[in-house]
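Enquirer: Here is a sequence with its predicted model. Questions after.
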Amino acid sequence: MQKSKKHVLIENLGPLAVALLIPFVFNALNFPFGFAISVTIMLFIIAASGMDILFGYSGQMSMGHAGFYAIGAYGSALITIHLGVPVLASILIAPILAAVVGAILAYPAAKLRFHFLALATIAFGQIVFQLVLQSPGGITGDAVGLRVPRLELFGIRLDLMGNQIATFFFLLLAVVLMLIVKSNIVNSRVGRALLAIRENAHAADGMGVNVRKYKIIAFAVSAFFVALSGSLFAHIVGWVSPDGFNETQSVLFVTILLLGGTASKWGPVVGAIVITILQEQLRQWANISVFIYGVILLLVIWLMPGGIVGTVKDLVARLRKSKDLHEKGGK
C-alpha cells in the first residue's frame, strides 16, 4: 500500500517539479520563444482535458468545440470592455456562460450518436464562427479582430510581453487546478456514471443512470474547460480574431486528445506537448494543417488506438508480464 502511495506521489509531483524549472531554463538559455510555446501547451492542456471528459469518459464526439473556445475568448473580452468587469472575474464568468450554452446544446443533442452528434457540433461551431466574423454592430471587430485588455495581478502584467515567468506560473497554477478538478470529477459518482454510459448507454440506463442528465453534465463541463482556455488565451495574447476559432481549431483539439490518449490523466498533457511542437515545425504548411491533422488521426487510430499514453502503458504491462513469466520459468 505504501509503495502504491509513493508511486502516485512521484507520478504527480515529478512532472510538476520539472515544470517548475522550465522558465528558469528558458531564461538561462536566453530562449524567450520557449515561453510562447509553453503558454500554448498549457492552454491546450486545459482545453484537451475538457474534451477528454466529453469524449474519453462519456463517449460523445464533438467537432465544434472551437465554438466554446470562441465564447470564452470573445465573451471574456466583451464582458471586460463593455461591462467594466475586472479581467480576472470575466475570465471565470465567460466559461460559466459557455457551460450554460453547452448544457442547452447538449439537451437536444444527448439523443444523437456518432456522426449525427459530430455533425450537430460542427454546425454549432460554424454558427459561433459566423457570429464572431459578422457580429451585430461589429461588436467583435468582425474579420479585423478585437484588442483585449491585458490581465494584471498585484500590479504584475501577465502576458508574453510582460513578466514571462509570472505568466508561466499563473498558467501552470491554472493547469494544475483544472487537472485536479478533472481528477475529482472522473473519480466521483459522475465519472463512474459517464464511464458506464460510454461502455453501454442502454445498460447504464437499465441500471438507473440518467443518461441524458450525465451527458449534459459532460458537455457543460467540457465547454467550461475549453472556454476557460479561450478566456486565458484572449487576455494573455491581448488580441482575438475569427481565424483562431474555425473548424481547424476543433480538429486540433480532437487530434491532441486522441494522440495523447483518452480517458487518461496524462493523455491531454502529452498530446498538447507533441502537437504544439509539431505545429511550430509545420507552421510553413499552415494552409494544409487540417490535412496534416487528419493524417495524424488516421495513423493514431490505426497504429496507436490508445494514444501515446495508452501505448506506453500497454508496453509496460507486457514487459512486466514477460518478466513475471521469465521469473516463474526460472523457478
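Expert: Cool, the structure landed.
Enquirer: Spatially nearest residue to residue 165, not counting backbone neighbours?
Expert: Leaving aside its sequence neighbours, residue 165 sits nearest to residue 23 (C-beta to C-beta, 6 or more residues apart in numbering; 4.6 Å). Yep, even glycine has a C-beta here, placed from its N, CA and C like the rest.
Enquirer: Contacts only, for the one you found.
Expert: 35, 38, 164, 165, 168, 169 (C-beta atoms under 8 Å, 6 or more residues apart in numbering).
Enquirer: rerun that using 10 Å as the cut-off
Expert: Under the criterion of C-beta atoms under 10 Å, 6 or more residues apart in numbering, the neighbours of residue 23 are 34, 35, 38, 164, 165, 166, 167, 168, 169, 172.
Enquirer: before we move on, what about residue 229?
Expert: 42-50, 65, 68-69, 72-73, 95, 171, 174-175, 178, 253.
Enquirer: again, only this time at 8 Å
Expert: Going by C-beta under 8 Å, 6+ apart, the list of residues near residue 229 reads 43, 44, 46, 47, 50, 69, 72.
Enquirer: can you list those in CSV and add neighbour count, secondary structure and distance to residue 225?
Expert: Putting those into CSV (neighbours: other C-beta atoms under 10 Å; DSSP: H, G, I helix; E, B strand; the rest coil; distance: C-beta to C-beta, whole Å) gives the following:
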residue, neighbour count, secondary structure, distance to residue 225
43, 25, helix, 11
44, 26, helix, 11
46, 26, helix, 6
47, 32, helix, 6
50, 35, helix, 2
69, 31, helix, 10
72, 31, helix, 9
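Enquirer: and residue 62, which of the three is it?
Expert: coil (DSSP: H, G, I helix; E, B strand; the rest coil).
Enquirer: And it, how far from residue 327?
Expert: Distance, residue 62 to residue 327, using C-beta to C-beta, to the nearest Å: 46 Å.
Enquirer: And these two? Which one has more around it.
Expert: Remark: of residue 62 and residue 327, residue 62 carries more neighbours, 30 against 9, as counted by other C-beta atoms under 10 Å.
Enquirer: neighbours around residue 83, how many?
Expert: 10.
Enquirer: again with residue 295
Expert: Applying other C-beta under 10 Å, I find that residue 295 has 12 neighbouring residues.
Enquirer: confidence score at it?
Expert: If you check residue 295, the pLDDT there is 87.
Enquirer: could you point out which element follows the host helix or strand of it?
Expert: Assigned by DSSP states H and E, residue 295 falls within helix 289-303. Scanning forward in sequence from helix 289-303 by DSSP H and E, the next helix or strand is helix 307-330.
Enquirer: which other helices and strands contact the helix or strand hosting residue 95?
Expert: Using DSSP H and E, residue 95 falls within helix 87-109. Here helix 87-109 touches helix 66-83, helix 114-133, strand 151-153, helix 211-237, going by 3 or more C-beta pairs under 8 Å, 6 or more residues apart in numbering; DSSP states H and E.
Enquirer: avg pLDDT for that helix?
Expert: Here the average pLDDT along helix 87-109 is 96.
Enquirer: Just want the angle from it to helix 211-237.
Expert: Here helix 87-109 runs at 150 degrees with respect to helix 211-237, directions being taken by axes from the mean of the first three to the mean of the last three C-alpha atoms, to 10 degrees.
Enquirer: How about residues contacting helix 87-109?
Expert: Contacts of helix 87-109 from elsewhere in the structure, counted by C-beta under 8 Å, 6+ apart, are 68, 71-73, 75-77, 79-80, 83, 85, 117, 120-121, 124, 149-153, 212, 215-216, 218-228, 230-232, 235.
Enquirer: Distance check, the nearest residue to residue 268 once chain neighbours are set aside against residue 144.
Expert: Nearest-residue entry for residue 268: residue 48, 3.5 Å, with adjacent residues in sequence omitted and distances by C-beta to C-beta, 6+ apart. Distance, residue 48 to residue 144, using C-beta to C-beta: 29 Å.
Enquirer: hang on, the earlier thing: let's have the contacts of residue 229 in TSV, adding distance to residue 309 and pLDDT.
Expert: Formatted as TSV, the contacts of residue 229 follow (distance: C-beta to C-beta, whole Å; pLDDT from 0 to 100):
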residue	distance to residue 309	pLDDT
43	20	97
44	15	98
46	17	98
47	17	98
50	17	97
69	23	98
72	26	98
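Enquirer: now, the most widely separated pair of those residues?
Expert: 44 and 72 (13.5 Å; C-beta to C-beta).
Enquirer: Only alpha carbons, please: show the helix holding residue 95 as PDB.
Expert: Extracted C-alpha coordinates of helix 87-109, given in PDB (Å, rounded to 0.1, in the frame of the first residue of the first chain):
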ATOM      1  CA  VAL A  87     -10.400  40.800 -16.200                       C
ATOM      2  CA  LEU A  88      -9.900  38.000 -13.700                       C
ATOM      3  CA  ALA A  89     -13.700  37.900 -13.000                       C
ATOM      4  CA  SER A  90     -14.500  37.900 -16.700                       C
ATOM      5  CA  ILE A  91     -12.100  35.000 -17.200                       C
ATOM      6  CA  LEU A  92     -14.300  33.000 -14.900                       C
ATOM      7  CA  ILE A  93     -17.700  34.400 -16.000                       C
ATOM      8  CA  ALA A  94     -17.300  33.600 -19.700                       C
ATOM      9  CA  PRO A  95     -16.600  29.900 -19.100                       C
ATOM     10  CA  ILE A  96     -19.700  29.700 -16.900                       C
ATOM     11  CA  LEU A  97     -21.800  31.200 -19.800                       C
ATOM     12  CA  ALA A  98     -20.200  28.700 -22.100                       C
ATOM     13  CA  ALA A  99     -21.100  25.900 -19.800                       C
ATOM     14  CA  VAL A 100     -24.800  27.100 -19.900                       C
ATOM     15  CA  VAL A 101     -24.700  27.200 -23.700                       C
ATOM     16  CA  GLY A 102     -23.100  23.700 -23.700                       C
ATOM     17  CA  ALA A 103     -25.900  22.400 -21.500                       C
ATOM     18  CA  ILE A 104     -28.500  23.900 -23.700                       C
ATOM     19  CA  LEU A 105     -26.900  22.500 -26.800                       C
ATOM     20  CA  ALA A 106     -26.500  19.100 -25.200                       C
ATOM     21  CA  TYR A 107     -30.200  18.800 -24.200                       C
ATOM     22  CA  PRO A 108     -31.400  18.000 -27.700                       C
ATOM     23  CA  ALA A 109     -28.000  16.600 -28.800                       C
END
